[in-house]
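**Student:** with the sequence up front, the predicted model follows.
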Amino acid sequence: MEKFVINGGKTLHGSVRISGAKNAILPIMTATLLTSGKSILRNIPNLNDIKMMAHLLRIIGARVDFHDGLLEINTEYCSYYEAPYELVSKMRASIYVLGPLLSRFGQARVSFPGGCAIGTRPVDLHLQAMEALGSYIDIEHGYINARCKKLQGNRIKFPKSSVGATANALMAAVTASGRTEISGAALEPEIASLIDFLTLMGARIRGKDTDQLIIDGVAELHPVEMEMIPDRIETGTFLIAGAITHGDITVENCFPDHLSHPLELLKKAGCNIKVTDTAISLHAPSSLKAIDIITKPYPGFPTDLQAQFMALLCLATGTSTIKETIFPERFMHVAELNRLDADISLKDNIATVKGVPALSGAPVMANDLRASAALVLAGLAAQGQTEISRIYHIDRGYEHIEFKLNKLGADIKRIQG
Ligand code: EPZ
């Protein structure tokens, strides 16, 4: 198993280029199943989750070729409609095949996703949406068995905002007969990007960037080519790397509009931020100020940056609070940050972070994707050496993170441990 060894205390300077957004790419990969032929996706990072989704599509019968940041997916000969346990248990995003498989084959068999390091993650809203569109669902032997004659447009009202359920409902509705109206749809940029992709394929969707979507089903979609949007969470993570090391960095090839809330908070913490259409420059103060954060669905503060902001606030002057409302148990990083001499206490879904003058390097363990990013950030700022084990979590969502950080002046090595 590989580890990161970080010699902390180096100030980061320079610029870094952001990769394509994993969480936008995964549903779009499954959307290619809605048509027959070769679609091409550009700006694809070399990440384990993308490779796992490619593997799942191959099981379904697609030909997937991944090279030089391009994904070519030929869905002409797809014939299988199952997402097996071995894959779904490793990557929950496998549930994204549910809507496309139902649309294509009138049936789908998808392993029921089990436990997750970030807390309870039900899929009831995905299933309710598929039922609303006319499919029958049985849960048997750990599998979701769904079938329908032909998906039928209907009204779907989500009682809470869900990125995944909105994506599945959209993908099922675009070729359903008649009109589907989704209310309470998620507003995340990854949903807008999926809508762009489906529209390019020939889908008829109105209401993008609102929580009311109207979809008029079409008989057929066609294969397309599209550039994937930049990763807003990677963008935020690198900005924090600049802030936590008192650095001066520019994050390029990003969409600053997708990070309005986190940028406001970085300013509140004392960072100087300058924005162009596709880049963000951050100049960190010598001492950061405490802030309060509440995670919310987009355009609120993203839960996927909660752990990284917590690492930053460990070194702010004063006491910060972080309330997690999306995944109330997503605090596995707290105990590990405290191993680095942070002072964080937890009550229910609220973390209280008392700023300390310095963190000190120690061995720590990554336990989910964003928690590992937080440990890398803390390690960059800590005095001495931090060794992070189980970094396979970080390879799911950050492309060449050590290479990019070292280019900014960090000292981080990947070793066999
Ligand atoms: C997506 O997960 C992301 N994953 C997550 O990214 C992200 O944390 C999350 O959205 C929230 O922004 C991908 O895009 C692959 P949700 P998803 O459905 O779609 C509840 C990362 O680190 N809910 O929007 O699974 C749920 O429990 C990750 O990259 C139900 O109750 O999240 C949560 O409280 C991990 N029933 C809330 O909705 C359901 O059927 C939002 O979850 C579905 C969700």
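**Tutor:** Noted; the coordinates are in hand.

**Student:** taking the stretch 51-200 of the chain, what residue is nearest to the ligand?
**Tutor:** Closest residue of the stretch 51-200 of the chain to the ligand, Cβ to the nearest ligand atom: G164 (2.9 Å). Backbone N, C-alpha and C define where each C-beta goes, glycine included.

**Student:** for the stretch 251-400 of the chain, which segments count as helices?
**Tutor:** Taking DSSP state H, counting those that start in this stretch as the test, the helices found in the stretch 251-400 of the chain are 260-268, 306-313, 333-339, 369-381.

**Student:** chain center to the longest one, what's the gap?
**Tutor:** Here helix 369-381 is found 16 Å from its chain centre; the criterion is Cα atoms, centre = their mean, to the nearest Å.

**Student:** and if you look at stretch 135-147?
**Tutor:** Relative to its chain's centre, stretch 135-147 lies at 26 Å (Cα atoms, centre = their mean).

**Student:** can you give the contact residues for that stretch?
**Tutor:** 85, 98, 101-102, 106-112, 123, 127, 130-131, 148, 151, 172 (Cβ atoms under 8 Å, 6 or more residues apart in numbering).

**Student:** can you give me the end-to-end distance of that stretch?
**Tutor:** Using Cα to Cα, to the nearest Å, one end of stretch 135-147 lies 5 Å from the other.

**Student:** what's near enough to touch I182?
**Tutor:** I182 is in contact with A129, I156, K157, F158, T166, A169, L170, A173, Q212, L213, I214, I215, counting by Cβ under 8 Å, 6+ apart.

**Student:** partners of the third one in the sheet?
**Tutor:** When bridges are assigned using DSSP bridges, the partners listed for K157 are S183.

**Student:** what's near enough to touch it?
**Tutor:** Contact analysis of K157 by Cβ under 8 Å, 6+ apart lists I182, S183, G184.

**Student:** next: the fifth one.
**Tutor:** Neighbouring residues of T166 by Cβ under 8 Å, 6+ apart: F158, I182, A185, A186, I191, L213.

**Student:** and stretch 334-354, anywhere near the ligand?
**Tutor:** No: figure legend: stretch 334-354 not in contact with the ligand (Cβ under 6 Å from any ligand atom); closest approach 10.9 Å.

**Student:** now do that stretch: everything it contacts.
**Tutor:** Stretch 334-354 is contacted from outside by 290, 310-311, 313-314, 316, 319-325, 328-329, 331, 355-356, 358-367, 371, 374-375, 378-379, 382, 386, using Cβ under 8 Å, 6+ apart.

**Student:** okay, how far is it across that stretch, tip to tip?
**Tutor:** Using Cα to Cα, the end-to-end distance of stretch 334-354 comes to 12 Å.

**Student:** likewise stretch 359-377?
**Tutor:** The stretch stretch 359-377 measures 11 Å between its terminal residues, going by Cα to Cα.

**Student:** what is the mean pLDDT for it?
**Tutor:** Averaged across stretch 359-377, the pLDDT comes to 95.

**Student:** and stretch 186-194, by the same measure?
**Tutor:** Average pLDDT, stretch 186-194: 98.

**Student:** stretch 123-131 too?
**Tutor:** 97.

**Student:** that stretch near the ligand at all?
**Tutor:** Yes: residues of stretch 123-131 are located near the ligand by Cβ under 6 Å from any ligand atom, namely V123, D124, L125, H126.

**Student:** dump that stretch to CSV, restricted to CA.
**Tutor:** Provided in CSV are the C-alpha atoms of stretch 123-131 (Å, rounded to 0.1, in the frame of the first residue of the first chain):
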residue,chain,number,x,y,z
VAL,A,123,-30.9,5.7,-2.4
ASP,A,124,-34.7,5.9,-1.7
LEU,A,125,-35.0,9.1,-3.8
HIS,A,126,-33.4,7.4,-6.8
LEU,A,127,-35.9,4.5,-6.5
GLN,A,128,-38.9,6.7,-6.0
ALA,A,129,-38.0,8.6,-9.1
MET,A,130,-37.7,5.4,-11.2
GLU,A,131,-41.1,4.2,-9.8
